[in-house]
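J.: Here's my sequence, what's the structure:
(chains A and B)
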Amino acid sequence: MVIVPATTGQMGVLPGHVATIAELKRGVLSVHEGSETTKYFVSSSFVFIHANSFADIIAIEAVPLDWIDVNLVQKGLEDFTQKLSSATTELEKAEAQIGIDVHSALNSALTG
Amino acid sequence: MASNAAVPFWRAAGMTYITYSNICANLVRNCLKEPYKTDALSREKVHFSISKWTDGKPEKPTLRTDSPEE
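T.: Reported below is the predicted structural model:
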């Protein structure tokens, strides 16, 4: 079973799942095989669940959790929180907000 | 059909999904431990050639090599 962080909420995918295309928000994707679980952090991605019980995860970046450096995450979170308060244009604000969202998701992935 | 939820903040600010997705990916890459980080930075590099077409003919192509942008 795979648990994916869809934009509409956590979704569990088992064989026989109805064919679906879902947009995922950045977060932890966990693959449960028997008693083993492997967790990955995905930056925004899509999941395509096909009718024949195959599922594809299409992501630009998907990294195992232990590849993430917690210090860089904390620093990034501080940087972007600061950028948000000093942002002027809509675009800058959006970029800073994305930075905060991604870094908080990384943070909770490491601590959760 | 019900209308969708409010547009995501990045789209409201004029950003496309692809831009958003690339920014997210870059941020994740910057938070990796070595040696994964140096491997990942090589994924960010793009190298492409663009040529504008006028009157059905391509003009001289320009070669663009972008290293990871902030």
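J.: which residues touch residue 36?
T.: You didn't say which chain, so I picked chain A. For A:Glu36, no residue meets the contact criterion (Cβ atoms under 8 Å, 6 or more residues apart in numbering or on different chains). C-beta coordinates here come from the backbone N, C-alpha and C atoms, glycine included.
J.: let's do chain B instead
T.: The neighbourhood of B:Tyr36, defined by Cβ under 8 Å, 6+ apart, consists of A:Val63, A:Trp67.
J.: again, but for A:Lys75
T.: Contacts for A:Lys75 (Cβ under 8 Å, 6+ apart) come out as none.
J.: could you say which helix or strand contains it?
T.: Element membership of A:Lys75, judged by DSSP states H and E, is helix A:70-86.
J.: got the CA positions of that helix in PDB?
T.: Provided in PDB are the C-alpha atoms of helix A:70-86 (Å, rounded to 0.1, in the frame of the first residue of the first chain):
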ATOM      1  CA  VAL A  70      17.600  19.300   9.200                       C
ATOM      2  CA  ASN A  71      19.900  22.300   9.700                       C
ATOM      3  CA  LEU A  72      19.400  23.500   6.100                       C
ATOM      4  CA  VAL A  73      15.700  23.100   6.500                       C
ATOM      5  CA  GLN A  74      15.600  25.200   9.700                       C
ATOM      6  CA  LYS A  75      17.800  27.900   8.000                       C
ATOM      7  CA  GLY A  76      15.600  27.900   4.900                       C
ATOM      8  CA  LEU A  77      12.500  28.300   7.100                       C
ATOM      9  CA  GLU A  78      14.000  31.300   8.800                       C
ATOM     10  CA  ASP A  79      15.200  32.800   5.500                       C
ATOM     11  CA  PHE A  80      11.800  32.600   3.900                       C
ATOM     12  CA  THR A  81       9.800  33.800   6.900                       C
ATOM     13  CA  GLN A  82      12.000  36.800   6.800                       C
ATOM     14  CA  LYS A  83      11.600  37.200   3.000                       C
ATOM     15  CA  LEU A  84       7.800  37.100   3.300                       C
ATOM     16  CA  SER A  85       7.900  40.000   5.700                       C
ATOM     17  CA  SER A  86      10.100  42.000   3.400                       C
END
